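Have a look; sequence and predicted model below, questions after that.
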Amino acid sequence: MTAQTDPRVSPVRVAVVQFEPQVGVENLKSNALAVEQRLNAAADAGAGLIVLPELATTGYVFESREEAYAHAEPVPDGPTVESFARIAAARDVYIVGCVAERDGVTLYDTAVLVGPDGFIGRYRKTHLWNTEKLWFTPGDEGFSVFDTKIGRIGLLVCWDIWFPETARIVAQLGADIICIPTGWVWTPPPLYDASGVCMAAYLTITAAHANNVFIATADRIGQERGAGFMGNSLIAGTNGWPIDRIAGPDEDTIIYADVDLTAARTAPIWNQLNDLHRDRRTDLYDQMLGYAGRAPLPR
């Protein structure tokens with residue numbers, strides 16, 4: 001009998017972490033410990049790519065610019081990214097986190113990608129939500145896709161998913177998976193449909209389906225200074241449908257999905273006559289929707 005081989009070219013277990021961090025400098029150590037515990041739990045479960053919520057080590061609802069500065073740190077030389085790098089090296093995993101980044105006197109809401117060999121890259125949130133605009137500056141480095149040993153990883157943050165251009169551009173840049181740290185706050189009611197799913201989760205599903213990429217969103221839970229958070233973390237397949245399940249609104253949990261990341265490169269070919277990329281009318285609109293920050297990776 002011949003041994004069966006895994007037909008997947010790039011098998012990866014993806015994990016999205018959902019929990020409740022707390023704002024306040026007095027909570028920085030406990031948040032960092034909670035994050036490290038969950039990163040190790042996901043690694044123990046075989047995850048190779050782990051996504052954390054938005055601002056998971058600092059909490060989200062700052063009350064002043066002074067408080068935002070007190071929670072901020074440089075990227076990549078701050079303690080949070082250094083901690084991610086240490087864990088990623090020890091556990092041989094890739095970590096997507098999100099920190100309050102300080103660059104001189106400017107603050108950004110920044111997603112970071114760290115791997116077994118250290119810091120890989122960052123993405124500064126493009127679209128800022130509500131009071132984020134009072135302390136953070138909109139991202140100035142555009143969109144990026146990072147080529148790694150496990151596949152091509154794109155980054156967005158939270159409110160970005162409401163803008164279909166963002167996922168389209170990152171997909172067109174060549175992403176196999178888009179990882180999105182989120183802090184989905186309560187929106188105007190109804191918060192959830194009859195099945196307990198919020199609008200943000202449906203936007204994630206739609207973006208994955210319309211672009212034929214994997215999308216992993218990690219949201220937080222709980223309430224903080226009057227703001228409530230939606231939960232509903234999920235990992236969407238290239239067809240848009242959630243793999244495994246959508247996390248509940250109040251669950252402290254980790255959701256997993258076993259995927260073949262590079263399968264996203266053939267997913268846009270629906271049949272012998274329809275190919276999502278080929279069918280786009282770039283004679284009528286630009287392939288990159290006018291984005292000129294980076295050239296797409298070859299397919």
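Thanks, I have it. All values derive from a computational prediction rather than experimental measurement.

just for the stretch 1-150 of the chain, where's the confidence low?
1-6 (pLDDT under 70).

ok, which stretches of it are helices?
28-44, 65-71, 79-91 (DSSP state H, counting those that start in this stretch).

Which one of those lies nearest to A100?
helix 65-71 (5.0 Å; CB to CB). In this view, the C-beta of every residue, glycine as well, is placed from N, C-alpha and C.

Which positions within the closest one qualify as buried?
Of all the residues in helix 65-71, those buried under the rule 16 or more other CB atoms under 10 Å are E67, A68, H71.

try stretch 118-136
119-129, 132, 135-136.

What is the nearest of the buried residues of helix 65-71 to I254?
H71 (24.5 Å).

how far away is that closest one from A267?
Counting by CB to CB, to the nearest Å, the gap from H71 to A267 is 39 Å.

Just the terminal-to-terminal distance for stretch 233-247.
Length of stretch 233-247, first residue to last, CA to CA, to the nearest Å: 5 Å.

what residues does that stretch touch?
With CB atoms under 8 Å, 6 or more residues apart in numbering as the test, stretch 233-247 has contacts from 14, 16-18, 53, 182, 196-197, 201, 204-210, 212-219, 231-232, 253, 255-259, 263-264, 267.

change it to 6 Å
14, 16, 18, 197, 201, 204-205, 208-209, 212, 214-219, 231-232, 253, 255, 257, 264, 267 (CB atoms under 6 Å, 6 or more residues apart in numbering).

For the stretch 151-299 of the chain, which segments count as helices?
In the stretch 151-299 of the chain, the segments counted as helices under DSSP H, counting those that start in this stretch are 164-172, 199-211, 276-279.

so which of those helices comes closest to R8?
R8 lies closest, by CB to CB, to one member of the helices of the stretch 151-299 of the chain: helix 199-211, at 18.6 Å.

Dump the C-alpha coordinates for stretch 35-52 into PDB.
Below are the C-alpha coordinates for stretch 35-52, written out as PDB (Å, rounded to 0.1, in the frame of the first residue of the first chain):
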ATOM      1  CA  VAL A  35      -2.300  37.700  24.400                       C
ATOM      2  CA  GLU A  36       0.800  35.400  25.000                       C
ATOM      3  CA  GLN A  37      -1.400  32.700  26.600                       C
ATOM      4  CA  ARG A  38      -3.700  32.700  23.600                       C
ATOM      5  CA  LEU A  39      -0.900  32.700  21.100                       C
ATOM      6  CA  ASN A  40       0.600  29.700  22.900                       C
ATOM      7  CA  ALA A  41      -2.800  28.000  23.000                       C
ATOM      8  CA  ALA A  42      -3.200  28.500  19.300                       C
ATOM      9  CA  ALA A  43       0.300  27.200  18.600                       C
ATOM     10  CA  ASP A  44      -0.400  24.200  20.800                       C
ATOM     11  CA  ALA A  45      -3.400  23.500  18.600                       C
ATOM     12  CA  GLY A  46      -1.200  23.500  15.500                       C
ATOM     13  CA  ALA A  47      -1.900  27.000  14.200                       C
ATOM     14  CA  GLY A  48       0.700  28.400  11.900                       C
ATOM     15  CA  LEU A  49      -0.900  31.800  11.300                       C
ATOM     16  CA  ILE A  50      -2.500  33.600  14.200                       C
ATOM     17  CA  VAL A  51      -4.500  36.800  14.100                       C
ATOM     18  CA  LEU A  52      -5.200  39.000  17.100                       C
END
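
who touches G118 in this structure?
A85.

Let's see that with 8 Å instead.
Applying CB under 8 Å, 6+ apart to G118 gives the contacts A85, A88, A89.

residues near the last one, how many?
Going back to what we said before, that points to A89. 14 (other CB atoms under 10 Å).

what do you get for the second one?
Applying other CB under 10 Å, we find 23 residues neighbouring A88.

Please tell me I have it right and it contacts F119.
No: if you go by CB atoms under 8 Å, A88 and F119 don't touch, sitting 9.3 Å apart.

which among the buried residues of stretch 118-136 gets closest to P249?
W129 (18.9 Å).

okay but that closest one is in contact with V157, surely?
No: under the criterion of CB under 8 Å, W129 is not in contact with V157, lying 9.6 Å apart.
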